Each structure stands twice: as C-alpha cells, then as structure tokens.
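Peer 1: 3D, please:
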Amino acid sequence: MVQKSWNLIYRLRQLLRWLWLKEGAPGYKSRGLAIGVFCGCFPLFGLQTVLGLALASFFRGNRFLAISGTWISNPFTYLPLYVLNYKVGSAILVHSRNLPDLELLNWQTLWAQGWLVSSRLFLGSFVVGLLGGLLTGILAYFCFKSRS
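Peer 2: I've put the predicted structure just below:
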C-alpha cells in the first residue's frame with residue numbers, strides 16, 4: 001500500500017514537472033491556467049473542459065494548462081465549491097426569498113425557485129471564477145517568470 005502511494009506521488013510530481021516545463025512565455029502559460037480555473041468554477045459538468053479549451057484558444061492561452069485548470073472542480077471539491085459559489089451569489093443578489101414548503105410546491109413555483117437558485121449559483125460561479133482565475137494567473141505568471 002505504501003509503495004502504491006509513493007508511486008502515485010512520484011507520477012504526480014512527474015506530471016507537474018512536465019506541466020512546468022511546457023513551452024511558451026510565462027504570460028501564455030499563466031493565461032491558460034487562469035482561464036481553466038475560471039471555467040472550472042462553473043457547474044457545467046463535462047462542458048468545463050470544452051469551455052476552457054475554447055476560451056484559451058480565443059484569448060491565446062496554453063490550451064493544455066487551461067484543460068488542467070478546470071480540474072479545480074472534481075468529485076472531491078464539487079460540494080464546497082458550489083456552496084461557496086451559491087453563497088457569494090446570494091450575497092450579491094440580496095433580494096431574499098425563502099423557499100416554499102415542499103407541500104405547497106407546484107410546477108410554477110418549482111421553475112421560479114429553480115431560476116432563483118440557478119441565477120445565484122451562476123453569478124457566484126462567475127465572481128469566484130473571476131477572482132480565482134485572476135489570482136491563479138498572477139501567481140502562475142510570477143512562478144513561471146522566475147523559472148524561465
């Protein structure tokens with residue numbers, strides 16, 4: 001068991017080293033990673049990678065690092081990340097409406113509540129993704145610049 005753990009750690013270090021030595025200017029690499037983190041904050045399961053790849057191509061960032069950056073959301077981080085996104089969106093959209101009792105729920109109120117929850121989640125995802133992407137991009141830029 002210990003040998004498997006060390007083997008996994010060794011492979012992870014090799015992957016990180018390979019990512020670190022990817023070709024490109026520090027701005028190119030950090031832009032790709034920042035875009036990936038931004039896209040990884042959205043609750044678009046399966047589409048985060050496609051969105052990251054498209055935005056990295058549009059903004060001329062490293063596509064592979066953009067795909068890697070979307071891994072910020074994974075089965076271990078989904079719940080804490082999306083709860084944070086929802087709380088940030090709720091703080092921005094101060095308008096408070098309580099969810100109705102389940103016995104009083106019909107299709108119309110279900111759709112209205114769905115829009116309320118979705119709008120808060122996506123707004124929070126945008127803000128958290130923007131801040132996370134900016135911080136990641138700045139830190140990555142200085143890290144890549146110091147190594148080149």
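Peer 1: tell me how far Arg17 lies from Leu81.
Peer 2: 27 Å (CB to CB, to the nearest Å). Backbone N, C-alpha and C define where each C-beta goes, glycine included.
Peer 1: who has more neighbours, these two?
Peer 2: Neighbour count, other CB atoms under 10 Å: between Arg17 and Leu81, Leu81 has more, with 22 against 9.
Peer 1: residue contacts, Lys87?
Peer 2: Lys87 makes contacts with Gly124, as judged by CB atoms under 8 Å, 6 or more residues apart in numbering.
Peer 1: what's the following helix or strand after the helix or strand harbouring it?
Peer 2: Assessed by DSSP states H and E, Lys87 sits inside helix 78-92. The helix or strand immediately downstream of helix 78-92 is helix 107-147, counting by DSSP H and E.
Peer 1: pLDDT below threshold where in the protein?
Peer 2: 1-2, 19-22, 95-107, 109-110, 147-148 (pLDDT under 70).
Peer 1: centroid residue for this protein?
Peer 2: Gly40 (2.2 Å; CA atoms, centre = their mean).
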